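[1] Starting from these lines, generate the structure:
(2 chains)
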Amino acid sequence: MELLSVQNVSKSFKDHSYTVHAVNDVSLDIHQGEMIAIIGPSGSGKTTLLNLMGIVISPDSGEVYVEGQKASGMNDTMRCRMRNQYFGYIVQDFALIEEDTAMQNILVPTLYSKHKKSSSEYRKLIYSMAEKLQVSDKLKSTVKKLSGGERQRIAIIRSMVCDQKIILADEPTGSLDKDNSTIVMKCLRELVDDFKKTVVIVTHDLNVARQCDRTFNLTGGVLTPCNL
Amino acid sequence: MVIKQILRDLRKEWSWAFFYAVVATMIAMAILYLSVSFSSVQRQSAAIRSFVDQNVIMFQLKTVQMEANREATVLSNESKQDPVDIMDYLQHILSKEGNAGSFVFVGNDGYFDSKYEQILILFGKYSDLSGLHYDGSMALFVPEAHKEDVGKEFLISGQNLRIADSAGSKYSLFHPLHFIDSDDLMLSNTLILCTRDFQTVNGMFPWWGLSSEVFGRMVLVDPSDKEVDQLQRIFYEQSGTLYTGISTKDFTQVTTSASIRAHRLYIWFYILSGVLLLILLICNIIRVIETHIADYTVHHLYGAPIRTIQKRVGGFVLALNMLPIVGIVFVLFRNEMTLWYVLPLGIALVAGLCLFAAMYASKRIGTMNNLQNLRRDY
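    Prediction:
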């Protein structure tokens, strides 16, 4: 069974007098342990598709299934619970709370987790992940004191702290230099290979897309497979 | 969990929270105190208007130092009138036919029921001026707080008197030189005796020497010039000092009007300050939400339902207003809840602000609840 399945999904936005068809009848099945890249020019609907996959917004038509569970028709609380359980999010600008420490940021998903662990268990887990990503000495620092690469690694730890199965990454290397981009992509690759996580990356960087197992092109809201 | 987050939000915005709490408390307190004070001044103003309408003349000690004029003294001696018997004069002028009024407070030295600390005696026209009307030569009234005593009889210095009525909740005592508001404890535990028979009442309290106090607060209602002259002469004969008659209008024109104007000005100042503070608060609520929108979105993405975010933002605004609310409750408590209507108004205002903040935050997340919300270039 597919871990994440998107079936004939469409989404459009009204912009004053005209309608923008951001995602147009897209279907995609994603399995556990896959790393998928969605490429396309700016404004092609990549982020909208990622939002639909992550149950952040609802489609106008079509269905999204997570481990066979239909997401449409769920109320806000159920959608939130599902997001907490299945999804981790990594974005270009890190989506970290600047005034809080790295540790506090990482602990955000645990606040809403249905299967809570003890505080010491979480801390142990976070330290082991931070050791691997070489940011264990940064956990007590406030985010605003961290570099871009460190921030993105903190965001990666947060996306896995509740053992989420799917990581949705929106331009994860967009704000990083070459060295940090390499580190982040290596981390994501390890998550797929070592921990059987599923990673969906939206990017317009072909070098990033080449490191993925499958690549799709989204243009004008239409998704097509492509080989790089 | 929500409370923890509210406290964390407060810590992040502590300087604004502190500034707002102090200013809001000060303004709320000032408005409350001025409202209390203003309503008292307004009641005083109504009493003054009534005195002015009835052309009440009061008497004031003349402070001008004068030297004796030999010629005038001779003239005065030639035209000197027979001295007036003061008791007869007071009996007449404070009777139904007379047009004078005065009042005295007499302590309760075991004359009557011990729950009344004193007795206020209104002579002649003063009961009418104070809004207490009765038939006959004597009547007893109780303050509103003791209206259960209406109809009961009291034996006061040998006189058996029935309580005719209560003076009413708005009863206050005005004299151009004094104003005792209805809320004042001096009136709430005081029995009120209205009389048009000076000598009888004077005989009831032989140790108090009522006549000098009666003179000191004497007013004449719509008197002729001759009546004013006569009373001035009696004052001079009795005390050796010169008193002059002055109309209530002339006496209060400067003092009371200025006081009312000042109160009105202060109230407008604080109301405008309050409105500005409210606008400032709303603008700042929007600023805080906009600043923290990424924070709220991260929590929403990772599992916080919109309702939780609403509680968090609403709770933050409520926490900002806790100190002013506590201040208002404290003031109400000190005022024995006489301004009971202020509390629901204050609560409604704060509830409205909390609701606004909660709805604004959810709308912002609702319209931007996607990953673009977390992009800096959005």
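
[2] so where do the helices sit in the stretch 101-250 of chain B?
    B:126-129, B:185-188, B:198-204, B:210-216, B:225-239, B:248-291 (DSSP state H, counting those that start in this stretch).

[3] same deal with chain A?
    Secondary structure of chain A by DSSP state H: the helices cover A:46-53, A:76-86, A:102-106, A:108-111, A:119-132, A:148-158, A:178-195, A:206-210.

[4] The helices of the stretch 101-250 of chain B into a markdown table, with extra columns for mean neighbour count?
    For the C-beta atoms, the positions are set from N, CA and C on the backbone; glycine is no exception. Formatted as a markdown table, these follow (neighbours: other CB atoms under 10 Å in any protein chain shown):
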| stretch | mean neighbour count |
| --- | --- |
| helix B:126-129 | 22 |
| helix B:185-188 | 14 |
| helix B:198-204 | 19 |
| helix B:210-216 | 17 |
| helix B:225-239 | 15 |
| helix B:248-291 | 15 |
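
[5] How about the contacts made by residue 86?
    I'll assume chain A. The contact partners of residue A:86, by CB atoms under 8 Å, 6 or more residues apart in numbering or on different chains, come to A:66-67, A:164-166.

[6] To clarify, I was referring to chain B.
    B:211, B:234, B:238.

[7] ok, residue B:316 to residue B:1 distance?
    Note on residue B:316: its distance to residue B:1, by CB to CB, to the nearest Å, is 14 Å.

[8] Give me the more crowded residue out of these two.
    residue B:316 (27 against 11; other CB atoms under 10 Å in any protein chain shown).

[9] Could you look up the SS state of the residue lying closest to that one once chain neighbours are set aside?
    In space, and not counting its chain neighbours, residue B:316 is closest to residue B:9: 4.8 Å by CB to CB, 6 or more residues apart in numbering or on different chains. The three-state label given to residue B:9 by DSSP: H, G, I helix; E, B strand; the rest coil is helix.

[10] Let me know whether residue B:9 touches residue B:312 as I believe.
    Yes. Here residue B:9 reaches residue B:312: they are 7.1 Å apart, a contact under CB atoms under 8 Å.

[11] tell me the centre residue of the chain?
    No chain in the question, so chain A it is. residue A:168 (1.6 Å; CA atoms, centre = their mean).

[12] sorry, should have said chain B
    For chain B, the residue nearest the mean C-alpha position is residue B:40 (2.6 Å; CA atoms, centre = their mean).

[13] Provide a list of residues in contact with that one.
    Residue B:40 neighbours (CB under 8 Å, 6+ apart): B:179, B:181, B:183.

[14] Just the closest of these to chain A, please.
    residue B:183 (50.3 Å; CB to the nearest CB).

[15] Phi and psi next, for the closest one.
    Dihedral angles of residue B:183 (phi, psi; degrees, to the nearest 10) stand at phi -80, psi -10.

[16] Neighbours of it, how many?
    Residues near residue B:183, counting by other CB under 10 Å: 16.

[17] care to break chain B down by domain?
    B:2-44+B:255-374, B:67-241 (automatic domain parsing).

[18] The ones you listed into a markdown table, with extra columns for mean pLDDT?
    Shown next, in a markdown table, are the domains of chain B (pLDDT from 0 to 100):
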| stretch | mean pLDDT |
| --- | --- |
| domain B:2-44+B:255-374 | 81 |
| domain B:67-241 | 80 |
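
[19] what's residue B:359 in contact with, if anything?
    residue B:310.

[20] wait, I meant residue B:327
    Contacts of residue B:327 (CB under 8 Å, 6+ apart): B:25, B:28-29.

[21] Which of these are buried? Put it as a PyMOL command.
    In PyMOL, this line selects whichever of those come out buried by 16 or more other CB atoms under 10 Å in any protein chain shown:
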select buried, chain B and resi 25+28+29
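
[22] can you put the contacts of residue B:327 in TSV and add secondary structure?
    Below are the contacts of residue B:327 laid out as TSV (three-state DSSP):
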residue	secondary structure
B:25	helix
B:28	helix
B:29	helix
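
[23] Where does the residue in chain B that chain A sits nearest to sit: helix, strand or coil?
    Nearest residue of chain B to chain A: residue B:303, at 3.0 Å (CB to the nearest CB). The assignment at residue B:303 comes out as coil when based on three-state DSSP.

[24] cool, and the one 5 residues further on?
    When the structure is reduced to helix, strand and coil (three-state DSSP), residue B:308 reads as helix.

[25] With adjacent residues omitted, what lies nearest to it?
    residue B:2 is the one closest to residue B:308 (CB to CB, 6+ apart), at 6.3 Å.

[26] hmm, back to that, between residue B:9 and residue B:312, point out the one with more neighbours.
    Regarding residue B:9 and residue B:312, a neighbour count based on other CB under 10 Å identifies residue B:312 as having more, with 25 against 21.

[27] In which helix or strand does that one reside?
    Take DSSP states H and E as the rule and residue B:312 turns out to sit in helix B:306-320.

[28] Pull the CA coordinates from stretch B:33-40 and hand them back as CSV.
    Provided in CSV are the C-alpha atoms of stretch B:33-40 (Å, rounded to 0.1, in the frame of the first residue of the first chain):
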residue,chain,number,x,y,z
TYR,B,33,-12.5,58.1,40.3
LEU,B,34,-13.6,61.1,38.1
SER,B,35,-16.9,59.5,37.4
VAL,B,36,-17.6,59.1,41.1
SER,B,37,-16.4,62.7,41.8
PHE,B,38,-18.3,64.1,38.8
SER,B,39,-21.6,62.5,39.8
SER,B,40,-21.2,64.1,43.2
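
[29] ok, and for that stretch, which residues are buried?
    B:34-36, B:38, B:40.

[30] Sort out for me which of the residues you listed are in helices.
    B:34-36, B:38, B:40.

[31] so can I have CSV of the helices of chain A showing mean pLDDT?
    Listed next are the helices of chain A as CSV, based on pLDDT from 0 to 100:
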stretch, mean pLDDT
helix A:46-53, 90
helix A:76-86, 92
helix A:102-106, 94
helix A:108-111, 93
helix A:119-132, 91
helix A:148-158, 91
helix A:178-195, 89
helix A:206-210, 91
